[in-house]
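Q: how would this look folded up:
(one chain, ligands or ions: 2)
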Amino acid sequence: MIRLEGAAYAAPPSPAGGAARTLVGPLDLVVSSGSSHLLLGRNGSGKTALIRILAGLAAPSAGRFLLGDEEIRVGPEGRSLWPEVGALFEEPDPQFLSDTVEGEIAFGLESLGIPPREVRERTASALAEFGLAALGDRAPQSLSAGEKARTLLAAALVAAPRCLLLDQSLAHLDPGSRRELERRVVVEAMACGRAVIRTHQEAEPPFPGETLHVLEGGTFKPASQLTPRAVLEGAGVPFPLALRVSALLAIEGRWSGPLAADADQVERVMLGAGGVAPPGASVPDGRPAPVGPRGPAALTMRGVGWSAAGRRGAPLLSGLDLEICRGEIVALIGRSGSGKTTMLKLAAGLVDPTEGTVHLERPSVPRVRPVALALEYPERQLFGRTLLEDVAALLWVEGIPAEERARSARRAMADVGLDPDRFADRFPVSLSEGEKRRAALAGVIVEPPEILLLDEPTAGLDPEGRRALAQVMNRLRERGRTVLLASHDLGFVAAVASRVIVLTRGEGEAPSTVVQGATADVLRDDRLLTRAGIPEPDFVRLERALRPAGLLGPLVIRDEGSLLEAVARGAAAARPT
Ligand SMILES: Nc1ncnc2c1ncn2[C@@H]1O[C@H](COP(=O)(O)OP(=O)(O)OP(=O)(O)O)[C@@H](O)[C@H]1O
Ligand SMILES: [Mg+2]
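A: Ligands and ions are numbered 1, 2, ... in the order given. Have a look, this model is predicted:
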């Protein structure tokens, strides 16, 4: 149904006279009806460029894109591919075209000249199907991340496209909701003959029957080349942890057959080989150390409550007591809508509590900003002509001389994994999503605040970007700075945070409740996680599966990195002789 024949994409020639440079391709791809394809690749590998070609939004610089038998042209002689092809990208707000949810879903049908009665009927059933019936009159921008995603999906699927393209479209949902929605889209597509092509940066496996493509160096890596060693070397690709673990085991001769796509599969194999400890079973090598002595408070919340409707409304948060100490990295976890972003805004002083007090200590170092908040989609704040200008903006405001500004900005870019020689002169808007996110972070850490608040900082970052971010946070901590982050990525939380605050949305009108604890305890408390609607982290499940088989050696598992290290050492030690 869809074919790419030697298709390539090139960046336009630069105004400074640089020649056009091929970024992706030449590529061949065949996508038939009823098939689903997951496209993985590091930030900047060309996934979005490819999706834009398939959506008819960008012309290939070489080769052909065919939809059915028709060669698709872009530009004056081209045509819109809607409704045959529906495409959704990452940030929801710029994709809304209407001022109500209902209008949003009806819009695509109206644009096709479908009679009003049919538009009404199809819109109503799409609203019901996606659980949006009660939200028809709401402004799309006012919805939660999950509701926004369902609205955009409903608006695309109501026209029954033959092909649906999802470029990171569900990246900002909590993992439980994201997986559920993805599964539904993929399963339905396979059942009704629609083609799906999707990308993500989460270390989650393809669904059964889905085809995996890895984009590397501008071309697809054939599945046959995904050897155990290639999986381990693909550190920039968001391979599932179970795949990496089984690749390590295979190299040590402890895994036979196809590599595992997910933790379920590892559990099944290990169960056959001698049993899996039940959830919550104690770890033989001792509980991880309790949180050590903590420094003086940097941020204190006492009896804090907040409601969208002021004092009279039903509170989202109530009676919250919290203390974050200087030099701590603390994570906030909880499902969409549990109040994580609100807590960050309260801490930043962007919203006032409707009850209680929020207190920030004065910075320990003169002239340092007390607090800075990087919201989701921080790249919205990029506005410079070059990336260097953008990253250095804070220093410019402070009147720091140009040379020193450039030096500091280049250092901050290198810290977040953006090569300053390649990126300093780039026009910020032309960056890939992950590159933009790194750039926005560089603009904050170029002059780090006393308390750094981050909302979903890993969304859209590839594994290397996440590692760079973890390093940046650790360096801030070493300098006595404090970080509070809201994150859905429990693997990342385990690697960086010493403490975790779990927000659990109350039933009905009840406010969210808060449970705090040492990271290692919270992430192993399956009952608490279940209550909060958060799936157990993969590294905990895999540890439980591998430990009884004697494959982990004596190492204490704290996070994904220590699990992989333990598997490498343990499997080697247990190697059959
Ligand atoms: N005008 C340009 N000049 C130079 N490079 C460009 C230009 N436009 C895009 N690029 C580069 O092309 C590469 C591919 O971008 P693309 O957005 O397709 O990546 P991606 O795989 O979607 O990444 P992400 O995971 O971050 O979304 C990026 O490295 C980007 O910086
Ligand atoms: Mg992209």
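Q: low pLDDT regions in the chain?
A: 15-17, 274-293, 574-577 (pLDDT under 70).
Q: got the residues of it near ligand 2?
A: Contact residues (CB under 5 Å from the ion) of the chain with ligand 2: 47-48, 432-433. C-beta: built from backbone N, CA, C; applies to glycine.
Q: and the residues you listed near ligand 1, which?
A: Residues shared between these and the neighbourhood of ligand 1 are 47-48, 432-433 [CB under 6 Å from any ligand atom].
Q: now, which of the residues you listed lie within strands?
A: In this view, these have no member that belongs to strands under DSSP state E.
Q: what's the closest of those residues to residue 19?
A: Ranked by distance to residue 19 (CB to CB), those are led by residue 432 at 20.5 Å.
Q: isn't that closest one right up against residue 51?
A: No - judged on CB atoms under 8 Å, residue 432 makes no contact with residue 51 at a distance of 11.5 Å.
Q: May I see the buried residues of stretch 114-122?
A: Going by neighbour count (16 or more other CB atoms under 10 Å), the buried part of stretch 114-122 is 119, 122.
Q: typo on my end, stretch 161-177
A: 161-177.
Q: Spatially nearest residue to the residue in the stretch 351-500 of the chain that ligand 2 sits nearest to (excluding sequence neighbours)?
A: Nearest residue of the stretch 351-500 of the chain to ligand 2, counting by CB to the ion: residue 433, 4.5 Å away. Distances taken as CB to CB, 6 or more residues apart in numbering place residue 460 nearest to residue 433, at 4.8 Å, with adjacent residues excluded.
Q: same deal with residue 392?
A: Nearest residue to residue 392 in three dimensions, chain neighbours excluded: residue 409, at 3.9 Å (CB to CB, 6+ apart).
Q: anything in the host helix or strand of the one you found near ligand 1?
A: Assigned by DSSP states H and E, residue 409 belongs to helix 402-415. No - judged by CB under 6 Å from any ligand atom, helix 402-415 makes no contact with ligand 1; its nearest approach is 13.2 Å.
Q: Could you list the buried residues of the helix or strand following that helix?
A: Remark: after helix 402-415, the chain's next helix or strand is helix 420-423, criterion DSSP H and E. By neighbour count with 16+ other CB under 10 Å, helix 420-423 contains the buried residues 420, 423.
Q: Which elements pack onto helix 420-423?
A: Helices and strands touching helix 420-423, by 3 or more CB pairs under 8 Å, 6 or more residues apart in numbering; DSSP states H and E, are helix 402-415.
Q: Can you give me the buried ones in the helix it packs on?
A: By neighbour count on 16+ other CB under 10 Å, the buried set for helix 402-415 is 405-406, 408-410, 412-413, 415.
Q: now stretch 48-67
A: 48-61, 63, 65, 67.
Q: Which of those fall in strands?
A: Applying DSSP E to these, the entries found in strands are 63, 65, 67.
Q: before we move on, the earlier item: which residues does the helix holding residue 409 contact?
A: Defining contact as CB atoms under 8 Å, 6 or more residues apart in numbering, one finds that helix 402-415 is touched by 387-388, 391-392, 395-396, 400, 419-420, 423-424, 438-439, 442-443, 445-447, 468, 471-472, 475.
Q: Need the buried ones from those selected in ChimeraX.
A: Restricted to buried positions by 16+ other CB under 10 Å, the ChimeraX selection for the contacts of helix 402-415 reads:
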select :387,388,391,392,395,400,420,423,424,438,439,442,443,445,446,447,468,472
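Q: Which ones among the contacts of helix 402-415 lie within strands?
A: Going by DSSP E, the strands hold none of the contacts of helix 402-415.
Q: Could you find the closest non-adjacent residue to the residue in the chain positioned nearest to ligand 2?
A: The nearest approach of the chain to ligand 2 comes at residue 48, 3.2 Å away (CB to the ion). Excluding its sequence neighbours, the residue lying closest to residue 48 (CB to CB, 6+ apart) is residue 167, at 5.5 Å.
Q: which residues does the one you found bridge with?
A: Judged by DSSP bridges, the bridge partners of residue 167 are residue 199.
Q: just how off-centre is whatever helix or strand residue 493 lives in within its chain?
A: Following DSSP H and E, one finds residue 493 within helix 490-496. Counting by CA atoms, centre = their mean, to the nearest Å, helix 490-496 is centred 13 Å from the centre of its parent chain.
Q: and the next element down the chain from that helix?
A: Sequence-wise, the next helix or strand beyond helix 490-496 is strand 499-504, with elements assigned using DSSP H and E.
Q: Now tell me what touches the next helix or strand after that following strand from outside.
A: Beyond strand 499-504 on the C-terminal side, the first helix or strand identified by DSSP H and E is strand 513-518. With CB under 8 Å, 6+ apart as the test, strand 513-518 has contacts from 288, 290-291, 320, 322, 498-504, 506, 522, 525, 528.
Q: Is it possible to mark the buried ones in the residues you listed?
A: In the contacts of strand 513-518, burial by neighbour count holds for 288, 320, 322, 498-504, 506, 522, 525, 528, counting by 16+ other CB under 10 Å.
Q: Taking those residues together, which two end up most distant?
A: In the buried ones among the contacts of strand 513-518, two members sit farther apart than any others by CB to CB. They are 288 and 506, at 30.1 Å.
Q: for the most centrally placed residue in the chain, what are its contacts?
A: What sits nearest the mean C-alpha location of the chain, by CA atoms, centre = their mean, is residue 459, with 2.7 Å. Taking CB under 8 Å, 6+ apart, we find residue 459 in contact with 171-172, 201, 376, 437, 488.
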